[in-house]
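Asker: predicted model, plus sequence, below.
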Amino acid sequence: MARIVESTIDIHAPARDVWNVLLAFSTFPEWSRFILAAEGHPALGERLALSMNDGGGVMTFKPVVVACEPQREFGWRGTVGASFLFSGEHRFILEERADGITRFVHRESFSGWLVPLFWKTLNTRTRAAFAAFNIALKERVEALNKAEAHSS
């Protein structure tokens, strides 16, 4: 049985702008305290190299991209040991509204035998890290849009 951690936020920008910041991996160290570094090609089947910190220390792993629909959804699947022990499917979903605001959904579905042992931590520390990432993403996108509007 999978367990899900999810956090959402509304970003005052079109999905295109959120997508561009989200996939600009090289800029993550400038604004994200959760995803510290990301390398690789964001395309289906490609392997990424990620360094992440959910508040419990830095984890480095190499998940495979399982979703890449421009301006709508990006996601990867990673495992710890064998997939039946612990795996996570991480998704970023962008839902653009008619008013130009994008609802950003940050979700991970955890599965495997070890999930019940780690659920308390996942449900607290990981949930908080997702929320902090969402706020940082919102601030980054909205600041870039404001700067672009002033330079036009």
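Answerer: Now that the structure is in, tell me what you want to look at.
Asker: backbone phi and psi for the nearest residue to Trp76 once chain neighbours are set aside, please?
Answerer: Leaving out its chain neighbours, the residue that sits closest to Trp76 by CB to CB, 6 or more residues apart in numbering is Pro63, at 3.8 Å. Just so you know, the C-beta spots here come from the backbone N, C-alpha and C atoms, and that holds for glycine as well. As for Pro63, its main-chain torsions (degrees, to the nearest 10) stand at phi -80, psi 170.
Asker: so what's Arg3 closest to, chain neighbours aside?
Answerer: Phe110 (5.1 Å).
Asker: so the residue nearest to Trp76 makes contact with Arg47?
Answerer: Yes: counting by CB atoms under 8 Å, Arg47 is a contact partner of Pro63 at 7.2 Å.
Asker: buried sites along the lowest-mean-pLDDT helix or strand in the chain?
Answerer: In the chain, no helix or strand scores lower on mean pLDDT, DSSP states H and E than helix 115-121, which sits at a mean of 85. Within helix 115-121, the residues scored as buried using 16 or more other CB atoms under 10 Å are Val115, Phe118.
Asker: and it, how far out from the chain middle?
Answerer: Relative to its parent chain, helix 115-121 has a centroid offset of 20 Å by CA atoms, centre = their mean, to the nearest Å.
Asker: packing partners for that helix?
Answerer: The helices and strands touching helix 115-121, judged by 3 or more CB pairs under 8 Å, 6 or more residues apart in numbering; DSSP states H and E, number zero.
Asker: all set now, cheers.
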